[in-house]
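[1] sequence-free structure coming up:
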DNA sequence: ATCATGACTTACCAAATGGTAAGGCGTCAA
DNA sequence: TTGACGCCTTACCATTTGGTAAGTCATGAT
């Protein structure tokens, strides 16, 4: 039954996101499911492979969403802006995924195994090309565009990942306001901070 | 001997930064030191307390640096800008600390214990006040200033934490250029993206 | 000389870890 | 009816985990 696999994958994703790869035991993943540890191992072979599948699902979703937004907007400037707005919304609503990817970034160097940044690479390239296609932004070179894109990505990811901390720090209402404020600041950043022939 | 303690603290910091709290065993921390596991436990009592001390050291350093930069610049706009430039440099040169703090942010919610965000709270408050003190930036409210500050922090932290990945992705030379580019983009962001009565 | 104290050791330990082995059980094709 | 196969189980297992107990040894005060 594929349904069982999905249950495992979902529970694993949540657990890995909350506690990280090393902080998550197979036993813990299975805890809330009506299956045993060995059922999980039967389906995925090892914890590592399970993690790999979780990661792959997430990056596939990201790519799909990127396609969708890109297809919905033909004008480069709109496309660029809407992509990041959508990315922010997506990162927020899939907070578990965002957490997990942040952890992956931190672990990446040591759990080398297979280069797991393949998805990041194409992701970044697409976003960078998108930025370079915007007429109002005249980047000196690819690096400049990438730096700009990376600032946006960093701001978004970091903010989303901070949500629980900020919420417990300022309270839920205040945090909700902050979140709206953040979105508008993000938009202005994209509109106004775009380099105009920065050389 | 305090020297021994320092050795433990340094090794622990590096290990926690590289592998996270759960991915790091006491045995592994001690591995490269001429002491046994129990020597560490003798000094710190438990892994958790050791981690706490590591964290405290880092936040004390951050506060010290914040004081230094703030004291060196009296004009609010310069002070604000120089603070973030210094923070970027600091985050880069203390990459291990940056990694560790990012992990802490991710783990924070579950390893609640004592609210560990005390340092973050005052850190954010100081930066926000600093932003609000800049005449050219007229924020509608505290939230707006905080959102702005948080974008900067996010961009910086995320970028620094990405360094190993980006380096393996694009190569060392290319990454070095990207890093310089990032710094200049950051400066422009602060100068140009500052809200001017955004209402 | 003796005692205390702090630094560090060896010897252990219960619990949890990821994973293997082997078998039960239902389904479905031959 | 039989045999194969996929799903899932119970039994295990070696290793690693964080931590305790108890001692050795040097130093330094009384």
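    Yes, it's here. The shown structure was predicted, so the numbers you read here are calculated from the model rather than taken from an experiment.

[2] for the rest of this, base every contact and every neighbour count on C-alpha atoms.
    Fine.

[3] so which bits of chain A are right by DNA strand C?
    With CA under 7 Å from any atom of the strand as the criterion, chain A meets DNA strand C at residues A:22, A:24-28, A:38, A:41, A:45-48.

[4] try 10 Å this time
    Within chain A, the positions near DNA strand C by CA under 10 Å from any atom of the strand are A:21-31, A:36-42, A:44-50.

[5] helices of chain A, residue ranges please.
    A:2-23, A:26-30, A:37-44, A:47-72, A:76-93, A:95-107, A:118-132, A:142-170, A:172-192 (DSSP state H).

[6] among these, which is nearest DNA strand D?
    helix A:37-44 (3.8 Å; CA to the nearest atom of the strand).

[7] what's in contact with that closest one?
    When contacts are defined by CA atoms under 8 Å, 6 or more residues apart in numbering or on different chains, helix A:37-44 is touched by residues A:5, A:8, A:26-27, A:30, A:47, A:50.

[8] of those residues, which is the most crowded?
    Using other CA atoms under 10 Å in any protein chain shown as the neighbour test, those are led by residue A:8, with 22 neighbours.

[9] could you dump the helices of chain A to JSON lines with mean pLDDT?
    Formatted as JSON lines, the helices of chain A follow (pLDDT from 0 to 100):
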{"stretch": "helix A:2-23", "mean pLDDT": "95"}
{"stretch": "helix A:26-30", "mean pLDDT": "97"}
{"stretch": "helix A:37-44", "mean pLDDT": "97"}
{"stretch": "helix A:47-72", "mean pLDDT": "96"}
{"stretch": "helix A:76-93", "mean pLDDT": "96"}
{"stretch": "helix A:95-107", "mean pLDDT": "96"}
{"stretch": "helix A:118-132", "mean pLDDT": "92"}
{"stretch": "helix A:142-170", "mean pLDDT": "95"}
{"stretch": "helix A:172-192", "mean pLDDT": "92"}
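
[10] can you tell me which of those helices is nearest to residue B:60?
    helix A:142-170 (19.6 Å; CA to CA).

[11] tell me how far that closest one is from the chain's mean position?
    Its chain's C-alpha centre and that of helix A:142-170 lie 10 Å apart, by CA atoms, centre = their mean, to the nearest Å.

[12] so who does residue A:14 touch?
    Applying CA under 8 Å, 6+ apart, we find residue A:14 in contact with residue A:96.

[13] from chain B, how far off is it?
    Noted for residue A:14: a distance of 13 Å to chain B, by CA to the nearest CA, to the nearest Å.

[14] cool, and residue A:23?
    Residue A:23 is 5 Å from chain B, where distance means CA to the nearest CA.

[15] was I right to think that residue contacts residue B:24?
    No: between residue A:23 and residue B:24 there is no contact under CA atoms under 8 Å: 9.8 Å.

[16] which residues does the residue most central in space within chain A contact?
    The centroid of chain A falls nearest to residue A:98 when counting by CA atoms, centre = their mean (4.3 Å). Neighbour list for residue A:98: A:17, A:91-92, A:157, A:160-161 [criterion: CA under 8 Å, 6+ apart].

[17] now those in TSV, with neighbour count and distance to residue A:167?
    Shown next, in TSV, are those (neighbours: other CA atoms under 10 Å in any protein chain shown; distance: CA to CA, whole Å):
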residue	neighbour count	distance to residue A:167
A:17	24	18
A:91	20	17
A:92	19	14
A:157	24	16
A:160	23	11
A:161	23	11
